[in-house]
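> Here's my sequence, what's the structure:
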Amino acid sequence: MSDSKERYMQQQLASLWDRRFKDAMVAKAPYTKKWNDYWNAYHGEYFKNIKKPDYKSNMISNYIFATVETIRPIMLENNPKFQALPRQPEGLKFANDLQEAFSYEWDREKMMKKLCADLITTLVIGTSIYFITWNSSKKCINAISINPYNLFPDPLATSLEDAEYIIYASYKNERVLQKKFPKYAKLLQGGDIKYGELVNDNNQNAHIDNQILVLEIYTKDYENEEYLDNGKKKWKAKYPNGRQLLICPELGLVLEDKEIPYNDGNFPFILIKDYDIPGKFWGEGEVAQLLSPQKHINELNNSVIDNAKATANMPWIIDKNAGIGQGKITNRPGLIIRKNPGTEVRRETPPSMPNYVVNAIEVYKRDIEQISGIFNSLKGTSETGVYTAQGILALQEAGQSRIRLKVKILEDALGDIANMWLSRMKQFWNEDKWLHITRQDGSYDLKKFVKNALYYDYDIKITAGSTMPTNRGAMLDLMIRLAQTPMPDGQPLVDREAVVNYLPNDVRTTLLQRMGDNNVQMQQIMQTIQQMQQQMQQVIQELQQNDEQTIATIEDIVKAIDKLNKEILQIKKEFAIMENEQKKEKEKKDIESQAYNNGFADAERLYSLDEENDSEGTIEEGGILDEILSGLESLTDDELALLVQKYPELVEILNKAE
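Numbering: from 1, shown residues only. Modelled structure (predicted):
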């Protein structure tokens, strides 16, 4: 494509989007005009009448400012608590890690500071906007606050979801664009600012040059392109995620034309609304309904002040011949006036202020309270007849009903931001990260976030009411009473950590650290006790083993004694048999007619034979007794007593052995 043809096509595309931009600007113009009035009312500029003469009062009691600044701290007392709800069971083990990652990202991006500032925009004009983008140079996700004046949606859109396109218009210095797009450096020549509403605090009378109007366009493009699949022509979407363009309409330049770089396929904007009006793209704020009563309150207040000034300094009536020169009478207290006799010097009596004026002011104040839902109880002022702490708390809780609805809308929008944030994390977090986490006691630590946690799908929600304040005094009293309430098992209904959480931050941190140290000491004590228990078990096992050995020894001794008894009985039987044989042999020899000497010799021989047999039995018996006695000597006194108690015949056997 030739340069001239490309230039012509760029001019046509730039002209097309310039027309769409102007159409969107015309459709948005009524909102822009009202937003200017709302901002002026918040700052008090709307009620200033510079055309009034000097003697007229121009005092402003800005209840709109007071209402907005009463709501804002209530809505954002605490950081939101993120809940990661996995869609697959495998993601359950990473849910807590993902919640900690969101808390880290929230602190890193200083979202609380941004949200506190942008909440003013939400409450004043009804809508604030965030642009969720990936910063490729810093490798991080950014939430950029967008001025609603600079955003121009499709005129037919009722929400971001059904918008065909979103245009972000801004002015940029020509040198910035020339450096970023050197190809078009010669064509990027700026001029004056044409649309002052696109620049914050722009002075229409100031000469600002070198500025170029730039349109950053996000659109749902339905253009298809042809491609070949196995030799067959097919069609596919050219921009499946949508189309992103960067155009300078006044110069007819298209600086960028590409696919939206985010895989979720959504426009990278999130709207936070105060009141979400059905069928309207823009929300509505507090000032829209408070502007009229605020205007009349200021008028009546100034009337009262002017009346007070007039009645406090009524005019004097002086005859010309009174002899008092012009300017001689002042409002000085104790003023002495000298006049000529027969002349009159008097002061008019001031009229009283009508009661309906003061009553009307009070009526308008109550109207503002009814319209905004912000009553004196929310400001700490007690209502008539309510003096107890519980009664005041009940009034404050009831007075927050309107604010809780705003908080619900806010937390839903924060949930949308978190889900878009998760989409950016899944797309661009390609490696593990180290996160700073804050423990419950206020200390810090590092934790590794593994990229595998992002393989699963999650729904990110904000815990309902987590951003709203809690009455720590009342909750502390409740927790103390719950901690003193025992359960059927004897344990308290809540633990001490639950009580400590509602103490002041400095006290809570110190106590949690001390409790943590005590827990460490208790764990050490428990470990010592466990070690002692293990040692006791080992000792008991050893004693049991010793008892088993003792019983085995006793059983061996008993077996030896039984064996000894059997052997002794056998020896006695053999000895008896030998005695009978000796008697028979003697009788036989007596009967025989043998000589006395021969019989005596035989008797001696037999007697010697008996002695030999007795000595053999004694040797065997003595060896067994030695074995038994050595076993008995190895026993303790308690073991020997136990053996004798079980086998009393052992004493008799030992006595005989002696």
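> For burial, what's the neighbour tally of residue 404?
14 (other C-beta atoms under 10 Å). Where C-beta positions appear, they are placed from N, C-alpha and C, glycine not excepted.
> For the helix or strand that residue 226 is a member of, what is the distance to the chain centroid?
Secondary-structure assignment from DSSP states H and E places residue 226 in strand 224-229. How far strand 224-229 lies from its chain's middle: 48 Å, per C-alpha atoms, centre = their mean, to the nearest Å.
> What strands flank the following helix or strand past it, and is each parallel or antiparallel?
Note on strand 224-229: by DSSP H and E, the next helix or strand toward the C-terminus is strand 232-237. Here strand 232-237 has these sheet partners by DSSP bridges: strand 224-229 (antiparallel).
> now the strand it pairs with: mean pLDDT?
Mean pLDDT, computed over strand 224-229, is 81.
> what does stretch 354-362 give?
Mean predicted confidence for stretch 354-362 is 81.
> Same question for that stretch: list its buried residues.
Neighbour-count burial for stretch 354-362 flags 360, 361 (criterion: 16 or more other C-beta atoms under 10 Å).
> So which residues make contact with that stretch?
Residues from elsewhere that reach stretch 354-362, judged by C-beta atoms under 8 Å, 6 or more residues apart in numbering: 296, 297, 300, 301, 303, 304.
> if I read this right, the third one contacts residue 365, doesn't it?
Think residue 300. No. Residue 300 lies out of contact with residue 365 (C-beta atoms under 8 Å); the separation is 10.5 Å.
> Look at those two and report which has more neighbours.
Remark: of residue 300 and residue 365, residue 300 carries more neighbours, 18 against 14, as counted by other C-beta under 10 Å.
> and after the helix or strand where that one lies, which helix or strand comes next?
Take DSSP H and E as the rule and residue 300 turns out to sit in helix 287-312. Scanning forward in sequence from helix 287-312 by DSSP H and E, the next helix or strand is strand 316-318.
> which other helices and strands contact that following strand?
strand 345-347 (3 or more C-beta pairs under 8 Å, 6 or more residues apart in numbering; DSSP states H and E).
> what's the angle from the following helix or strand past the strand it packs on to helix 287-312?
Next helix or strand after strand 345-347 toward the C-terminus (DSSP H and E): helix 355-372. For helix 355-372 against helix 287-312, the angle by axes from the mean of the first three to the mean of the last three C-alpha atoms, to 10 degrees is 160 degrees.
> how near is the residue nearest in space to the middle of the chain to residue 411?
Taking C-alpha atoms, centre = their mean as the criterion, residue 81 is the residue nearest the geometric centre of the chain, at 3.7 Å. Going from residue 81 to residue 411 by C-beta to C-beta, to the nearest Å gives 10 Å.
> Kindly report the same for residue 556.
Using C-beta to C-beta, one gets 83 Å for the distance from residue 556 to residue 411.
> The two: who's more crowded?
Between residue 556 and residue 411, residue 411 has the larger neighbour count (other C-beta under 10 Å), namely 21 against 13.
> Without its sequence neighbours, what residue ends up closest to that one?
Once flanking residues are discounted, residue 411 sits nearest to residue 462: 4.1 Å by C-beta to C-beta, 6 or more residues apart in numbering.
> beta partners of that neighbour?
Beta-bridge partners of residue 462, counted by DSSP bridges, are residue 82.
> Could you shift the numbering so residue one becomes 164, and keep it that way?
In the new numbering, first residue 164, that becomes residue 625.
> top of the contacts of stretch 517-525 by neighbour count?
That'd be residue 460 among the contacts of stretch 517-525, by other C-beta under 10 Å, with 24 neighbours.
> So it sits against residue 529, correct?
No. Counting by C-beta under 8 Å, residue 460 sits too far from residue 529 to count as a contact (11.0 Å).
> In contact with the residue nearest to residue 574, which residues are there?
By C-beta under 8 Å, 6+ apart, the contact set of residue 625 is 243, 244, 245, 246, 574, 575, 577, 578, 581.
> same check, this time on residue 528
Counting by C-beta under 8 Å, 6+ apart, residue 528 makes contact with 226, 460.
> Look up how far residue 410 lies from it.
Taking C-beta to C-beta, one finds residue 528 at 51 Å from residue 410.
> per-domain residue ranges of the chain.
The record's domain split for the chain, according to automatic domain parsing, is 207-287+447-479+524-632, 707-820.
> quick one: which of those domains has the weakest pLDDT on average?
domain 707-820 (a mean of 62).
> those helices in the stretch 514-663 of the chain, which residues are they?
Counting by DSSP state H, counting those that start in this stretch, the segments of the stretch 514-663 of the chain that form helices are 518-535, 552-562, 564-591, 635-646, 659-663.
> in the stretch 214-363 of the chain, which spans are strands?
245-249, 290-298, 303-309, 314-316, 328-336 (DSSP state E, counting those that start in this stretch).
> Out of those strands, which one sits most buried?
Among those, strand 314-316 has the highest mean neighbour count (mean count of other C-beta atoms under 10 Å), at a mean of 22.
> Residues contacting that strand, please?
In contact with strand 314-316 (C-beta under 8 Å, 6+ apart) are residues 184, 187-188, 191, 292, 323, 326, 328-332, 432, 444.
> Then stretch 224-231?
Counting by C-beta under 8 Å, 6+ apart, 204-207, 210, 283, 286-287, 449-450, 453-454, 457, 460-461, 464, 528, 531, 535, 537 sit against stretch 224-231.
> Show the buried residues in those residues.
Buried among the contacts of stretch 224-231 (16+ other C-beta under 10 Å): 204-205, 210, 283, 286-287, 449-450, 453-454, 457, 460-461, 464, 531, 535, 537.
> Okay, helices next: where are they in the stretch 164-313 of the chain?
Along the stretch 164-313 of the chain, the stretches classed as helices by DSSP H, counting those that start in this stretch are 166-206, 226-238, 258-271, 274-288.
> Throw the ones you listed into JSON lines and include distance to residue 616, thanks.
Listed next are these as JSON lines, based on distance: least, C-beta to C-beta, whole Å:
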{"stretch": "helix 166-206", "distance to residue 616": "41"}
{"stretch": "helix 226-238", "distance to residue 616": "31"}
{"stretch": "helix 258-271", "distance to residue 616": "5"}
{"stretch": "helix 274-288", "distance to residue 616": "21"}
